[in-house]
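**Q** Generate coordinates for the sequence data below:
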Amino acid sequence: MENTRHNFSSKLLLHLQRSKRSFYAFIYLLSLCLLAYNSAAIFCTQVPVSPERRTPTPSPENVAGKSRKFFSVHSQAKLSSSVLYSVAEENPTPKMNTHLPLLHKNRILAPMIPKLFEERVSEFFAGGGSFSCKFRFFMTWISSVESFGEREFFAVSSLFKSHPNGCLIIASSSLDSVNGSEILKPFSDKGFKIAAITPDFNYLFNNTPAQSWYNRLMQGNVNPGVVPLGQNLSNLLRLGLLYRFGGIYLDTDVIILRNFGELKNAIGAQTLDHETGNWSRLNNAVMVFDKGHPLVYKFIEEFALTFNGRKWGHNGPYLVSRVVSRVSGRVGYDFTILPPIAFYPVDWSRIGSLFKGPRGDLIHSKWLVAKLRQIRSESFAVHLWNKQSRKMEVEKGSVIHHILMSI
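**A** Residues are numbered from 1 along each chain as shown. Got it, this is the predicted structure:
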């Protein structure tokens, strides 16, 4: 009897041990399944839902991360809408790009989406029905979709207020997305023609001097320097858009005040030489050119031949200044250089004067009145110089305050 009990207990214990091992094996197998499912889910979230609507991914050279306050109305002088404007930083602290292979993973260098860029742009401008694009506007946006804030929204609003029959393409991979469409929807809901389209650099630079430069960049054979590569690509991108399609290019911190209908093949001077009265520097924040204009081709050529990523402005304002100084007066280059008041009524070093209200003294009050009258009568737009003014408050009675209230 005792042996029988012992055998029974041994068998029972052995059975329990096997059951325990089976139980742990089951738990282990279940854990593996859950881990595999979770890994698959994470992978799937990184795949775009649609080839034409990409989920925005901030690129290494984004000049803006999350939306930041650009300028605000003083607490004692807030506008009725209590608007706080945001913008991407124009001139961030330079960072050296040391790993060129990473450029291939950058969103701004992403390969072409299935539907041809040229086709999307042509269809957009062709429109349909009774609407026709009398003005072709272009902007570029190299930052994340979240960085497109109320300040940019205001700039676009000023564009359509002055040009209700204009069409705006924002060349951007981040805004060419579901989230980007939601941001721009208020404009399209009002009947304005606006779209964000991922740029195709290969198409834009094809058969131009920039083609070989871009190929070398993609192969890692171009030193991007310390200036954010996205900023320099934006300088080149705007030239490619104007050369291929013709139209008007604007930075996203340019507030339009009046219609551009009288402008043709024009670029604006930023500063003048006080002794001679001639321009001393041009700027590329606003440009108006016909399709295939030879001066724009020269701009592209200069970019490819003299690219320098170590000097801020070398591939932008200084580039257009160098080229124009060489070709001015030559046959075949028909263009107009507008005075600074047209787009840059104050230089970047004095932009703060437009944000300040009356100081209580008669001299300053007279200057404010005279400056506002001059801008309203002579300026087509006002460049707000992001880097310098993004943290400034809009004081009641200031020039900017009056401009905001009128749009």
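**Q** which residue is nearest the centroid of the protein?
**A** Centroid-nearest residue in the chain, with Cα atoms, centre = their mean: Trp141, separated by 1.6 Å.
**Q** out of everything not next to it in sequence, what's closest to it?
**A** Once flanking residues are discounted, Trp141 sits nearest to Ser172: 3.7 Å by Cβ to Cβ, 6 or more residues apart in numbering. The C-beta positions use only the backbone N, C-alpha and C, and glycine is treated the same way.
**Q** close enough to count as contact, the one you found and Ile142?
**A** Yes - between Ser172 and Ile142 a contact is recorded at 7.2 Å, counting by Cβ atoms under 8 Å.
**Q** wait, isn't Ile142 in contact with Gly230?
**A** Yes - between Ile142 and Gly230 there is a contact under Cβ under 8 Å: 4.0 Å.
**Q** Between the two, tell me which one has more neighbours.
**A** Ranked by neighbour count (other Cβ atoms under 10 Å), Ile142 and Gly230 place Ile142 first, with 26 against 23.
**Q** Please report the distance of that one from Gly247.
**A** Distance, Ile142 to Gly247, using Cβ to Cβ, to the nearest Å: 19 Å.
**Q** go on, Ser280?
**A** Taking Cβ to Cβ, one finds Ser280 at 27 Å from Gly247.
**Q** More neighbours: the two, which one.
**A** Taking neighbours as other Cβ under 10 Å, Ser280 and Gly247 compare with Gly247 leading, 23 against 15.
**Q** quick one, what contacts that one?
**A** Contacts were defined as Cβ atoms under 8 Å, 6 or more residues apart in numbering; by that measure Gly247 touches 135-138, 241, 288-289.
**Q** Please enumerate the strands of the stretch 251-400 of the chain.
**A** With DSSP state E, counting those that start in this stretch, the ranges of strands along the stretch 251-400 of the chain come out as 254-256, 266-272, 279-289, 336-338, 381-383, 393-394.
**Q** Regarding Phe138, what is its secondary structure?
**A** The local conformation at Phe138, judged by DSSP: H, G, I helix; E, B strand; the rest coil, is strand.
**Q** My understanding was that it contacts Ile169; is that so?
**A** Yes - shown here, Phe138 and Ile169 form a contact pair, counting by Cβ under 8 Å, at 5.5 Å.
**Q** which residues do the two both contact?
**A** Counting by Cβ under 8 Å, 6+ apart, the contacts common to Phe138 and Ile169 are Leu241.
**Q** And stretch 387-407, what's buried?
**A** Neighbour-count burial for stretch 387-407 flags 387-390, 392-395, 397-404 (criterion: 16 or more other Cβ atoms under 10 Å).
**Q** For this structure, which helix or strand comes out least confident on mean pLDDT?
**A** For the chain, using mean pLDDT, DSSP states H and E, the weakest element among its helices and strands is strand 84-86, scoring a mean of 29.
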